[in-house]
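Enquirer: Fold the following, please.
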Amino acid sequence: MVPVSASAKIMIVESVSEFSTTNPPKTIQVQLRKEIEVDNFELYQGTVINCEITEVKAPKRLKRDATFSFVPVSYINDQNETVHFPVSVKAKYIKTIDKKTAESAAITAAKTVSNKIVPGLGLGVGAIEGAIDAENGQKIKGAATGVYESTPFSWVEKGKELTIERGDGLLIRVTR
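Expert: I've put the predicted structure just below:
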């Protein structure tokens, strides 16, 4: 059981409904991937929670992607009944979790040596990432793009709109 207290708790849920920041709905449904406890109230893995969208932030410069916040308003119990959510909590979207999450952890590890970030090593890793991801065999162009995206010069670009599909895993921060 994962308790959620007054401090922020990061957790993973699965989207049951679609969501887009370009045309945001008023509600979203998420399903718990792990059981949780909120102020002595237990919710089990697989519970579907109905949430009201409270804020949608558009993408901004410095590669800050769009994001949104929501509050749980009800959940569907094991008798398939909709029950009012008894605890007041807020949740904020952090990022979508997919197959690349494991790759991202490996790349972060590659940028460090003995748990210390090595300046400049990120550029080399960026070049390698770009060469690996290059389309149509254009390894040099891919490597150059990878290096550029690893530098502060790329931060002037605007962030991206957010689109969530059914079944996407979402990393969220839950607070009281």
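Enquirer: Could you chop this protein up by domain?
Expert: 2-98+159-175, 100-156 (automatic domain parsing).
Enquirer: Would you single out the least confident of these?
Expert: Note on the domains of the chain: lowest mean pLDDT is at domain 100-156, with a mean of 52.
Enquirer: Show me what counts as buried in stretch 79-86.
Expert: F85 (16 or more other CB atoms under 10 Å). For every residue, glycine as well, the C-beta is placed using N, CA and C.
Enquirer: From the rest of the structure, what touches that stretch?
Expert: Contacts with stretch 79-86, where a contact means CB atoms under 8 Å, 6 or more residues apart in numbering, come from F41, I49, N50, P72, V73, S74, Y75, I76, N77.
Enquirer: From these, list the buried ones, please.
Expert: In those, the ones that pass as buried (16+ other CB under 10 Å) are I49, N50, P72, S74, Y75, I76.
Enquirer: Going by distance to I97, which of those residues wins?
Expert: Nearest to I97, judged by CB to CB, of the buried ones among the contacts of stretch 79-86 is I49 at 17.1 Å.
Enquirer: got the contacts of stretch 79-86 as JSON lines, with secondary structure columns?
Expert: Listed next are those as JSON lines, based on DSSP: H, G, I helix; E, B strand; the rest coil:
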{"residue": "F41", "secondary structure": "strand"}
{"residue": "I49", "secondary structure": "strand"}
{"residue": "N50", "secondary structure": "strand"}
{"residue": "P72", "secondary structure": "strand"}
{"residue": "V73", "secondary structure": "strand"}
{"residue": "S74", "secondary structure": "strand"}
{"residue": "Y75", "secondary structure": "strand"}
{"residue": "I76", "secondary structure": "strand"}
{"residue": "N77", "secondary structure": "coil"}
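Enquirer: Throw those into CSV and include distance to K34, thanks.
Expert: As requested, the contacts of stretch 79-86 are exported to CSV (distance: CB to CB, whole Å):
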residue, distance to K34
F41, 15
I49, 13
N50, 19
P72, 15
V73, 21
S74, 20
Y75, 15
I76, 17
N77, 18
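Enquirer: Let me know the secondary structure of the residue nearest to K60 when sequence neighbours are not counted.
Expert: Distances taken as CB to CB, 6 or more residues apart in numbering place G159 nearest to K60, at 5.8 Å, with adjacent residues excluded. Assigned by three-state DSSP, the conformation of G159 is coil.
Enquirer: What are the buried residues along stretch 50-61?
Expert: Applying 16+ other CB under 10 Å to stretch 50-61 flags N50, C51, I53, V56, K57, P59 as buried.
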